[in-house]
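Participant: fold the following, please.
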Amino acid sequence: MNIAVVDDEEAIREQIGGFIKKRNPGFNISDFATGEELLAADTEFDIIFLDIQMKGMGGIEAAKTIRQSNADRVIIFITGIKEHVFEAFDVSAFHYLLKPIAEQKFMEVLDRAIEEAGKRKGQKERQIFIKTKNQGYTLKLNSILYIENRGKKVEIHTTDMEDIIETYAGMEELEGQLGDGFYRCHRGYLVNMAHIVKYDIDSIFLSNGEKVYLTRKKHNEFVKAYMWYLRNGGASCV
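Facilitator: Okay, here's the model as predicted:
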C-alpha cells in the first residue's frame, strides 16, 4: 500500500511515518514538505495524510486538485486548528486528526483508512500497463509472479505468458505502481505475495515452482509484512 505523508514539519512527518511502519513495515511511505511536492509525485497513493496549513499550497487546495482526477483517494487531514474541519468536508476527507497526534487515535484511524482503501481498490480489477520497446501490455496484477532487476531493464515473470516481458521501467517506479501485495524482498526482486507457497531464511518459493532471493536482513520485516497481508484480506492465487 502506498501512503503519502505531507507536512511542512519534519518532526510530524517522522512521527506519522513511524506509526505507519509500526503497523506494517511493508507499506511504502513517501513524505513531502509541501502540497506542490505531493502533486508532482508520479506515485498513485492509496492513503494521504495531509497537513492543512503549509507554506505555498495548503492541504485543502492540494486535496481539491487530487479530487479532480483521483476521486477514490483516502485523504486524512492533520492540523492544529479545529475550525478547519468544515473545509475538510468540502473535499470528502475520510478523517481529521488534530495535533498533537496521539498514537492510539492515529492507529484507530489508520486501520479504518486501510480497510476503506482496500474496499475502494476492490471495486475495480487492478491492472498495470507495461510498455516495451515494440509493444505494450495491460497486465492483471494477480498474473504477475515476480519482477527481476536486470541492469537497465527489468523482467516481468507472469503466469499466463510464455515469454518474459522486458521493460526499461525502474524497480522503484514499478514498486510504487504495484503497491500493496508486492514486496521488495531483495534489491533485485519484487515478489507478488499472492503467489507465495513457502519461504525460508533466504528464499521465497512461488506457485510456479520458482524461487526468488530473500535478503536475510529483511527476513523479519518480510514475515511481518506477509502475515499482515494474509490477516487483512490478501487473496492467495495458490
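Participant: contacts, neighbours, all on C-alpha from now
Facilitator: Fine.
Participant: quick one: name whatever helix or strand follows the longest helix along the chain.
Facilitator: Secondary structure of the chain per DSSP state H: the longest helix is helix 103-122. Counting by DSSP states H and E, the next helix or strand C-terminal to helix 103-122 is strand 127-131.
Participant: list the buried residues in that next one.
Facilitator: By neighbour count with 16 or more other C-alpha atoms under 10 Å, strand 127-131 contains the buried residues residue 130.
Participant: what mean pLDDT does that strand have?
Facilitator: The average pLDDT for strand 127-131 rounds to 86.
Participant: partners of it, with directions?
Facilitator: strand 136-140 (antiparallel) (DSSP bridges).
Participant: the next helix or strand after the strand it pairs with pairs with which strands, and in what direction?
Facilitator: Using DSSP H and E, the helix or strand that follows strand 136-140 in sequence is strand 144-150. Using DSSP bridges, strand 144-150 pairs in its sheet with strand 153-158 (antiparallel), strand 189-192 (antiparallel).
Participant: quick one: the helices in the protein?
Facilitator: 10-23, 35-40, 59-69, 85-90, 103-122, 171-178, 219-231.
Participant: make a markdown table out of these and add mean pLDDT, mean neighbour count and distance to residue 199.
Facilitator: As requested, those are exported to a markdown table (pLDDT from 0 to 100; neighbours: other C-alpha atoms under 10 Å; distance: least, C-alpha to C-alpha, whole Å):
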| stretch | mean pLDDT | mean neighbour count | distance to residue 199 |
| --- | --- | --- | --- |
| helix 10-23 | 96 | 16 | 22 |
| helix 35-40 | 96 | 16 | 36 |
| helix 59-69 | 86 | 17 | 39 |
| helix 85-90 | 63 | 14 | 44 |
| helix 103-122 | 87 | 15 | 26 |
| helix 171-178 | 88 | 18 | 21 |
| helix 219-231 | 88 | 16 | 9 |
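Participant: okay if I get these as JSON lines plus distance to residue 52?
Facilitator: Shown next, in JSON lines, are the helices of the chain (distance: least, C-alpha to C-alpha, whole Å):
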{"stretch": "helix 10-23", "distance to residue 52": "13"}
{"stretch": "helix 35-40", "distance to residue 52": "9"}
{"stretch": "helix 59-69", "distance to residue 52": "4"}
{"stretch": "helix 85-90", "distance to residue 52": "9"}
{"stretch": "helix 103-122", "distance to residue 52": "17"}
{"stretch": "helix 171-178", "distance to residue 52": "25"}
{"stretch": "helix 219-231", "distance to residue 52": "31"}
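Participant: of these, which approaches residue 2 most closely?
Facilitator: helix 171-178 (6.8 Å; C-alpha to C-alpha).
Participant: what sits up against the closest one?
Facilitator: 2, 28, 43-44, 128, 141, 149, 154, 182-184, 190 (C-alpha atoms under 8 Å, 6 or more residues apart in numbering).
Participant: mind redoing it with 7 Å?
Facilitator: When contacts are defined by C-alpha atoms under 7 Å, 6 or more residues apart in numbering, helix 171-178 is touched by residues 2, 43-44, 149.
Participant: specify the angle between it and strand 153-158 in degrees.
Facilitator: 40 degrees (axes from the mean of the first three to the mean of the last three C-alpha atoms, to 10 degrees).
Participant: count the residues that sit near residue 43.
Facilitator: 19 (other C-alpha atoms under 10 Å).
Participant: surely residue 24 and residue 227 touch.
Facilitator: No: look at residue 24 against residue 227 with C-alpha atoms under 7 Å: they stay out of range, at 9.7 Å.
Participant: list the contacts for residue 46?
Facilitator: Per C-alpha under 7 Å, 6+ apart, neighbours of residue 46: 1-3, 73-74, 117.
Participant: show the pLDDT at the residue sitting furthest away from the middle of the chain.
Facilitator: Most distant from the centre of the chain: residue 83, at 30.7 Å, with distances by C-alpha atoms, centre = their mean. On pLDDT, residue 83 comes in at 71.
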